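**Student:** Quick one: sequence plus predicted model below, questions after.
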Amino acid sequence: SQELEQSPQSLIVQEGKNLTINCTSSKTLYGLYWYKQKYGEGLIFLMMLQKGGEEKSHEKITAKLDEKKQQSSLHITASQPSHAGIYLCGAEVFGDMRFGAGTRLTVKP
Amino acid sequence: GAVVSQHPSWVICKSGTSVKIECRSLDFQATTMFWYRQFPKQSLMLMATSNEGSKATYEQGVEKDKFLINHASLTLSTLTVTSAHPEDSSFYICSARDGSGGAYEQFFGPGTRLTVL
């Protein structure tokens, strides 16, 4: 089965700092999704990547998928308290969405 | 974008009772719906996949008789937690896939927080 490993598990940064979250797959990814969530709330769709080398940005968040399509990174520039939450990467596996363990981000004002 | 609703958003019940959670796709027909559960500080774990009009496919370790899933129409799936116990307390999230046009994106509901006393 395809496993998604996320790192780091948790991250505490000072407001204004940049940060990167990684998601690594044991198999080739054919669709990689990034979501943000606060426990007890729904998922917020951030971005989807499909092509090797693809990069997408939304406001201060940039996601990339490497050429081999086995690793993705999520980069936040000039973090703000509103960025705090759990970031999950997900991938389609035979039609089912599987998730990484998540990265808990805390942004200190 | 496509909207998925869940009802109730939270529920508290006594141990031994059954609880039904509804998941609805509001503006599209969902040929496939998924149920996830999430414990505090953990990721979402897929419980089962259901296709309209057929039996749900459960993930290994998920009790079929305890978590009854019904996907009777293209816009509604229900998850019934039978004889709930405190260890079933969790956050349950459903998602739905629009079956038209070969789309693969899943749309998630807002989740249901279940507390079993």
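**Tutor:** Happy to help now that I have it. Residues are numbered from 1 along each chain as shown, chains lettered A, B, ... in the order given.

**Student:** what's the closest non-adjacent residue to the spatially most central residue of chain B?
**Tutor:** When Cα atoms, centre = their mean is applied to chain B, the residue found nearest the centroid is B:Trp35 (3.5 Å). Leaving out its chain neighbours, the residue that sits closest to B:Trp35 by Cβ to Cβ, 6 or more residues apart in numbering or on different chains is B:Met47, at 4.5 Å. All C-beta spots, glycine's among them, are computed from the backbone N, C-alpha and C.

**Student:** Need the three-state assignment for that neighbour.
**Tutor:** Three-state secondary structure (criterion: DSSP: H, G, I helix; E, B strand; the rest coil) places B:Met47 in strand.

**Student:** I'd like to know how many residues surround it.
**Tutor:** When neighbours are counted by other Cβ atoms under 10 Å in any protein chain shown, B:Met47 registers 22.

**Student:** Against A:Glu92, how distant is it?
**Tutor:** Using Cβ to Cβ, to the nearest Å, one obtains 17 Å as the distance from B:Met47 to A:Glu92.

**Student:** same deal with B:Gln6?
**Tutor:** 22 Å.

**Student:** that older thread, got a pLDDT number for the residue nearest to the centre of chain B?
**Tutor:** Confidence per residue is given as pLDDT, and for B:Trp35 that number is 95.

**Student:** do the same with A:Gln2
**Tutor:** We have a pLDDT of 54 for A:Gln2.

**Student:** ditto for B:Phe108
**Tutor:** 89.

**Student:** Identify the bridge partners of it.
**Tutor:** For B:Phe108, the residues forming beta bridges with it (DSSP bridges) are B:Ser95.

**Student:** what about it, neighbour count?
**Tutor:** Burial of B:Phe108, expressed as a neighbour count using other Cβ under 10 Å, amounts to 22.
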